[in-house]
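**Student:** Using only what follows, build the 3D model:
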Amino acid sequence: MAACWLAAFSITIAGEGIAAEVAAPKEDVAARAQMALDATRGMTARFTQKVESKGFGDIRSASGQVAISKPGRMRWEYDEPSPILIVADGEKLWYFDKESNTVFTELLGGQPSARSPAMFLAGDAPLDEIFHISLSKADVGAEMVGLKLIPRQPWPGFKGALLKVDAKSFIINELLIVDHLGNRNTISFTDIDTKASPAPSMFQFTPPAGANVRQTVRLPAPQAPGL
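**Tutor:** Have a look, this model is predicted:
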């Protein structure tokens, strides 16, 4: 199994991680971000991922391609040498560790997966149904706005998030996730195409011959890059 990467989003309620809230501006940033998210039915982008382990004090980085097709379809394909492929086909989530030839799978629906807390990006549910949302004065700069997201219901491996959106288009540029241990998982997007129509075949997955397939209702915390 690849080296431990699990993420996280430790939010300031615990006194560290994401910066404090600020007063809401005249325009409703969360509503405009929701409108941009709703308008994005398909998306492709490059992503870079940085995972900071609070306990071990190390930082690991990875990159790759992501494709999204609503509802419920995502594909995170990591660049070499990372051995991880994550595919959501609308019904199941597939997590393939090529190094060990092991496939984890679970049914989608209900709470987001511990192995892919970013699944909400491919959903149709309004963000304010899933999260308590407030503005953040985190280091977002003049060109971006930060939204602090705290789950309304407990999520495995997910304490909170900071969503950074473009101040004009309100398209998501960065997602920071913090888990209950204070580990931080930052996913940044570039070359974003919110008008993309990814081929349906991108969201199909068949376990390779000889793979160890493990079906589970609730996956444990990942031992490899997890989104």
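
**Student:** what does the longest helix along the chain contact?
**Tutor:** The longest helix of the chain (DSSP state H) is helix 29-39. Residues outside helix 29-39 that contact it (C-beta atoms under 8 Å, 6 or more residues apart in numbering) are 121, 124, 126-128, 133, 135, 145, 147, 163, 165, 169-172, 194. (C-beta placed from N, C-alpha, C; glycine too.)

**Student:** Give me the buried positions along it.
**Tutor:** 29-30, 32-34, 37 (16 or more other C-beta atoms under 10 Å).

**Student:** Name the nearest residue to residue 104, sequence neighbours excluded.
**Tutor:** residue 95 (4.3 Å; C-beta to C-beta, 6 or more residues apart in numbering).

**Student:** Could you check which helix or strand contains that neighbour?
**Tutor:** strand 92-97 (DSSP states H and E).

**Student:** In its sheet, which strands sit next to that strand, and in what direction?
**Tutor:** Using DSSP bridges, the strands paired with strand 92-97 in its sheet are strand 84-89 (antiparallel), strand 102-107 (antiparallel).

**Student:** quick revisit: quick one: the buried residues of helix 29-39 as TSV, columns for pLDDT and distance to residue 153 too.
**Tutor:** Listed next are the buried residues of helix 29-39 as TSV, based on pLDDT from 0 to 100; distance: C-beta to C-beta, whole Å:
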residue	pLDDT	distance to residue 153
29	83	23
30	85	19
32	88	25
33	89	21
34	89	19
37	88	20
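
**Student:** all helices of the chain, in order?
**Tutor:** 29-39, 127-130.
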